[in-house]
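Colleague: model this:
(one chain, ligands or ions: 1)
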Amino acid sequence: MSSGQPQPALFLSKVERRYPQGETSLEVLRGGDLAIWPGEMVALVAPSGTGKSTLLHLAGLLEKPDGGEIYVGGRPTAAMDDSERTRIRREDLGFVYQFHHLLPEFSALENVVIPQLIRGLSKADARSRASQLLTFLGLGKRLDHRPGELSGGEQQRVAIARAVANAPRLLLADEPTGNLDPNTADRVFQTLVAIVRASKLAALIATHNLELASRMDRQVTIRDGLIVPLT
Ligand SMILES: Nc1ncnc2c1ncn2[C@@H]1O[C@H](COP(=O)(O)OP(=O)(O)OP(=O)(O)O)[C@@H](O)[C@H]1O
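Modeller: Residues are numbered from 1 along each chain as shown. Down below sits the predicted model:
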């Protein structure tokens, strides 16, 4: 892919992934394509065991495909070494998981500041951005609370702020509200959509919740190892 042209935030091209299974192998992805453009929110809705986590791990450069290529912002990643992949993960990708994985001994604000310091921002700029993001997500009065002093929905909103703090190209989320009760899930999901829209990010969000998925621009599934529109 050439630079200069508009590029998808993420392009999985003919991606293959198989796992050894006894003397044969289990083909989870068999050459699927998926392009996600800047500003686009795509839901990944697929039955258990069809390869959602595998796909998210590949898109997050946590695993390498057995075939095909993964482009992030137009850059091919298959031949990159580990340090380059780590840099892309830190600078271009944001992650939200079902369980928030916040640092328990640090405040909400510090949890959002730390990734920005690792990225090289000044402490003052990082604190100002963290405070803005958390306020946008409705946590302006909770900045100094530690995760253990926050509700589940509040913790997940801190995790969302942390994921977008470095202005990634692409947000990857695996069941981001799967651990919350339906009302809290709905509210957290609304804030997730709001912040992705406000930041004009691209997002790939795996969810079992069809109602939440329907609020995104596009829904895809995995069928027979290929990534296809959900119908
Ligand atoms: N490291 C591995 N080694 C062997 N098989 C694996 C490995 N990881 C996943 N698999 C298999 O690949 C298939 C896809 O797994 P994956 O975790 O991607 O599914 P999923 O759609 O995310 O499922 P769920 O919704 O239940 O989390 C499953 O059959 C799983 O057993």
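
Colleague: Any buried residues in stretch 117-137, and which?
Modeller: The neighbour-count check on stretch 117-137 (16 or more other CB atoms under 10 Å) flags 121, 126, 127, 129, 130, 131, 133, 134, 136, 137 as buried. In this view, the C-beta of every residue, glycine as well, is placed from N, C-alpha and C.

Colleague: In three-state terms, label the second one for me.
Modeller: Here residue 126 takes the helix state, with states given by DSSP: H, G, I helix; E, B strand; the rest coil.

Colleague: what sits against residue 12?
Modeller: Residue 12 makes contact with 32, 33, 34, 35, 55, 58, 59, 68, 70, 227, according to CB atoms under 8 Å, 6 or more residues apart in numbering.

Colleague: so is it in a helix, a strand, or just coil?
Modeller: Going by three-state DSSP, the secondary structure assigned to residue 12 is strand.

Colleague: What distance do you get for it to residue 54?
Modeller: From residue 12 over to residue 54 the distance is 11 Å, taken as CB to CB, to the nearest Å.

Colleague: and the residue nearest to the spatial centre of the chain, bridged to which residues?
Modeller: In the chain, the centroid-proximal residue (CA atoms, centre = their mean) is residue 172; its distance is 1.3 Å. Applying DSSP bridges to residue 172 gives these bridge partners: residue 95, residue 204.

Colleague: That one and the ligand, how far apart?
Modeller: According to CB to the nearest ligand atom, to the nearest Å, residue 172 stands 13 Å off from the ligand.

Colleague: these two touch, right, that residue and residue 94?
Modeller: Yes: with contact defined as CB atoms under 8 Å, residue 172 counts as touching residue 94 (7.1 Å).

Colleague: Could you list the low-pLDDT ranges of this structure?
Modeller: By pLDDT under 70, the low-scoring segments of the chain are 1-3.
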